[in-house]
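[1] With the sequence up front, the predicted model follows.
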Amino acid sequence: MAKPLVPDDLWAAIAPLLPPAKPRPKGGRPPVPDRAALTGIIFVLKTGIQWEDLPAEMGCGSGMTCWRRLRDWQAAGVWARLHRLLLERLHGADRLDWSRASLDSASVPAKRGGAATGPNPTDRGKAGTKRHVVVDGHGTPLGLTLSPANRHDSKMLAATLDAIPPVRRRRRPGGRPRRRPDKLHADKSYDHRFCRAECRSRGIIPRIARRGIEDSRRLGRHRWKVERTLAWMARFRRLTIRYERREDIHLAFTTLAAALICMRQIRRLC
């Protein structure tokens, strides 16, 4: 029997974050349950099928219904809050390794264009989107951003670091939240003076490979973890190619994928 797409632990985490259903004073057809809609959203994320091909026998409603929930929950900040909540669980269990973070990016084709897309210099100038991810020492995604594929990685270092949410320890509700790693490992594309300055201004020690001086393999023993996390994200087939013209929809899928990876880390590490 196949595993449920929305197991009980995931639903227990996300259910309190969902906005209440809108009142229907004139009655009408009852709305699709939120858990069923979430099942359809995750099914599309994992398989990469088009919304209109969502199987009716799954009981998730139509593809358009699931798309609307994805859009509305993104506007309500549900996916970002879910990601932060799961990071807090890991932090409370001392399973976030803040001592060494790693930063990298990956480009994907954007078939329909849209915001945060641009000519990909590694794909013959075709439209593409680049996702930037910073992970902790275990490979758990801490923050992510999107940019056009033609934007240099170094230009997104500060924005990606600032995308890390403030993570509190649930065992110490009055404690100060943490959102900065001690060190940041990155490859030679970030070998710029302003990148190191941006790290130091945030209290982060930069460990960036120097072009023509250091061998990239020296830092690879730590930086491979972010490459593995990018590979984990690529397993969500909806993220291998960007089909959405709207940036918020693609960001919603990407943030949900990061949250699902965090849930997997909780099951593995906690």
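    Sure, I can see it.
[2] on contacts alone, who are the packing partners of the lowest-mean-pLDDT helix or strand in the chain?
    Here the helix or strand of the chain ranked lowest by mean pLDDT, DSSP states H and E is helix 216-234, holding a mean of 83. On a contact count with 3 or more C-beta pairs under 8 Å, 6 or more residues apart in numbering; DSSP states H and E, helix 216-234 meets strand 101-109, strand 127-135, strand 183-186, helix 247-269. Heads up, the C-betas are built off the backbone N, CA and C, glycines and all.
[3] Okay, now the sheet partners of the first one, with direction.
    Which is strand 101-109. Taking DSSP bridges as the criterion, strand 101-109 forms sheet pairs with strand 127-135 (antiparallel), strand 183-186 (parallel).
[4] Of those strands, which is nearest residue 30?
    Ranking those by proximity to residue 30 (C-beta to C-beta) places strand 127-135 first, at 37.1 Å.
[5] I'd like the mean pLDDT over that closest one, please.
    What strand 127-135 shows for mean pLDDT is 97.
[6] Which SSE is immediately downstream of it?
    The element immediately downstream of strand 127-135 (helix or strand, assigned by DSSP states H and E) is strand 141-148.
[7] relative to helix 247-269, how tilted is that following strand?
    Angle, strand 141-148 to helix 247-269, by axes from the mean of the first three to the mean of the last three C-alpha atoms, to 10 degrees: 160 degrees.
[8] Helix or strand next in line after strand 141-148, which one?
    As assigned by DSSP H and E, the chain's next helix or strand after strand 141-148 is helix 157-162.
[9] Show residues contacting that next one.
    Helix 157-162 is contacted by residues 103, 132-134, 143-145, 180, 184, 186, 190, 195, 198-199, 202, 204 when judged by C-beta atoms under 8 Å, 6 or more residues apart in numbering.
[10] So which bits of stretch 140-152 are buried?
    For stretch 140-152, the buried set under the neighbour-count rule, 16 or more other C-beta atoms under 10 Å, comprises 140-151.
[11] Max pairwise distance over these: which two?
    It's 140 and 150 that sit farthest apart of the buried residues of stretch 140-152, by C-beta to C-beta, at 28.9 Å.
[12] give the contact list for residue 104.
    Here residue 104 is in contact with 132-133, 153, 186-187, 223, 226-227, 230 (C-beta under 8 Å, 6+ apart).
[13] Residue 132 now?
    Counted by C-beta under 8 Å, 6+ apart, residue 132 has contacts 103-105, 144-147, 153, 156, 159-160.
[14] Likewise for residue 185?
    So residue 185 contacts 100-103, 207-208, 219, 222-223, 226 (C-beta under 8 Å, 6+ apart).
[15] now the residues you listed in a markdown table, with neighbour count?
    Rendered in a markdown table, the data for the contacts of residue 185 read as follows (neighbours: other C-beta atoms under 10 Å):
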| residue | neighbour count |
| --- | --- |
| 100 | 19 |
| 101 | 28 |
| 102 | 27 |
| 103 | 27 |
| 207 | 19 |
| 208 | 22 |
| 219 | 18 |
| 222 | 17 |
| 223 | 22 |
| 226 | 25 |
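[16] quick one on the thing from earlier: and the strands paired with strand 101-109 as CSV, adding distance to residue 12?
    Formatted as CSV, the strands paired with strand 101-109 follow (distance: least, C-beta to C-beta, whole Å):
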stretch, distance to residue 12
strand 127-135, 25
strand 183-186, 33
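[17] These: which one's closest to residue 118?
    strand 127-135 (6.9 Å).
[18] Distance from that closest one to the middle of the chain?
    Its chain's average C-alpha position is 10 Å from that of strand 127-135, according to C-alpha atoms, centre = their mean, to the nearest Å.
[19] which of the residues in it are buried?
    127-135.
[20] Send over it as CSV, restricted to the C-alpha atoms.
    Extracted in CSV, the C-alpha atoms of strand 127-135 (Å, rounded to 0.1, in the frame of the first residue of the first chain):
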residue,chain,number,x,y,z
ALA,A,127,14.5,31.4,-20.5
GLY,A,128,15.3,30.0,-17.1
THR,A,129,15.0,30.5,-13.4
LYS,A,130,17.7,30.1,-10.8
ARG,A,131,16.9,28.9,-7.2
HIS,A,132,19.4,29.9,-4.5
VAL,A,133,19.5,27.8,-1.3
VAL,A,134,21.5,28.0,1.9
VAL,A,135,21.6,24.9,4.1
